[in-house]
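[1] My questions concern the predicted model and sequence given below.
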Amino acid sequence: MTPTIWLLGLSGSGKTTLGSLLRLYLDGQGFDVEFIDADTFCRSNGLSAATPEDRVRNTDALRDYALSLQAQGKLCVVAAATPYESMRQSNRAMLPMYREVWVRCSLQTLVQRDAKGLYAKAERGDLSTLDSVFDAFDEPRSPHSIIDTDRYSLVECYEQLRDLTLDALAQDREWADTGRRMLPQASGPFMNAAIAL
Ligand SMILES: Nc1ncnc2c1ncn2[C@@H]1O[C@H](COP(=O)(O)OS(=O)(=O)O)[C@@H](OP(=O)(O)O)[C@H]1O
Ligand SMILES: Nc1ncnc2c1ncn2[C@@H]1O[C@H](COP(=O)(O)OP(=O)(O)O)[C@@H](O)[C@H]1O
């Protein structure tokens, strides 16, 4: 079973940038990797993200999609705000080898960066939904990792993400090896009983 690397955080924190770089790296290493960006996923499936209910539905759909790709043996990298802790709990319960990465950035830096102009729009009163400005963003309670994009350079953040992904892949391999070692030998009473079934 391959891991799913789930990048969550506020708009503009760096999920898409870091997720795209990770995808490029994994692709170059020969992994069968799929990058799912919530923004693109919602647009191409005609999903709006106007209400909290919409966002729960969108995250459910993203998780289902990641699960279906994982079942095909793909390594999924997901970038989605995932603002509520309940969404993350569902991820933990339903996605095998789920690795939650909080792409953390202060609101002050987000307002300075404002690559999409969303924070300026909110300030002008031209936008009425924005996590941590108008809408709730629950502080992640138990992420596997945190990447502080307002503290480290883009290259450093990318390296942190790459390394934690390689750790997750190593754990996956360890699990596979241990699992194989623990499999019954193709003889003996256990195997005979299994064959008889
Ligand atoms: N309330 C609120 N706060 C912040 N951003 C918002 C919001 N509603 C919609 N958007 C925009 O929709 C993009 C996808 O949102 P999400 O990543 O949260 O996905 S989801 O629709 O909730 O599943 C999201 O993409 P990113 O900017 O990449 O985070 C935003 O551009
Ligand atoms: N350390 C960093 N890590 C990631 N992105 C950074 C960093 N420093 C600056 N940025 C910039 O912040 C912006 C993040 O945008 P984006 O990746 O679209 O965020 P999100 O997908 O979370 O909305 C990009 O313009 C990126 O170049």
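    Structure's in. What do you need? For clarity, every value in this text was computed on a predicted model and none was experimentally measured. Ligands and ions are numbered 1, 2, ... in the order given.

[2] what's the burial count for Leu10?
    The burial count assigned to Leu10 is 23, neighbours taken as other CB atoms under 10 Å. For glycine as for every other residue, the C-beta is placed from the backbone atoms N, C-alpha and C.

[3] is it true that it touches Gln108?
    No: Leu10 lies out of contact with Gln108 (CB atoms under 8 Å); the separation is 11.7 Å.

[4] what does the protein have sitting close to ligand 2?
    9, 11-18, 79, 113, 115, 149, 152-154, 157 (CB under 6 Å from any ligand atom).

[5] ok, now with 8 Å
    Neighbours of ligand 2 within the chain, by CB under 8 Å from any ligand atom: 7, 9-20, 37, 39, 79, 81, 103, 105, 113, 115-116, 147, 149-150, 152-154, 156-158.

[6] how about the longest helix anywhere in the chain: buried residues?
    Under DSSP state H, the helix in the chain containing the largest number of residues is helix 154-182. By neighbour count, with 16 or more other CB atoms under 10 Å as the criterion, the buried positions of helix 154-182 are Cys157, Tyr158, Gln160, Leu161, Arg162, Leu164, Thr165, Ala168, Leu169, Asp172.

[7] ditto for stretch 62-79
    For stretch 62-79, a neighbour-count test (16+ other CB under 10 Å) marks Leu62, Arg63, Tyr65, Ala66, Leu69, Gln70, Lys74, Leu75, Cys76, Val77, Val78, Ala79 as buried.

[8] repeat for stretch 117-129
    Neighbour-count burial for stretch 117-129 [16+ other CB under 10 Å]: Leu118, Tyr119, Ala122.

[9] Repeat that for stretch 101-114.
    Neighbour-count burial for stretch 101-114 flags Val101, Trp102, Val103, Arg104, Cys105, Leu110, Asp114 (criterion: 16+ other CB under 10 Å).

[10] Leaving out chain neighbours, which residue sits closest to the fifth one?
    With CB to CB, 6 or more residues apart in numbering as the criterion, Cys105 has its nearest non-adjacent residue at 4.1 Å, and that residue is Ser13.

[11] ok, back up a step: now tabulate the buried residues of stretch 62-79 in TSV and tack on secondary structure, pLDDT and distance to Val33.
    Formatted as TSV, these follow (DSSP: H, G, I helix; E, B strand; the rest coil; pLDDT from 0 to 100; distance: CB to CB, whole Å):
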residue	secondary structure	pLDDT	distance to Val33
Leu62	helix	98	16
Arg63	helix	98	17
Tyr65	helix	98	14
Ala66	helix	98	12
Leu69	helix	97	10
Gln70	helix	96	11
Lys74	coil	96	7
Leu75	strand	97	5
Cys76	strand	98	8
Val77	strand	98	6
Val78	strand	98	11
Ala79	strand	98	13
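
[12] With adjacent residues omitted, what lies nearest to Ser48?
    Nearest one to Ser48, counting by CB to CB, 6+ apart, is Asp54 at 5.4 Å.

[13] so how many other residues sit close to the one you found?
    Neighbour count for Asp54, taken as other CB under 10 Å: 14.
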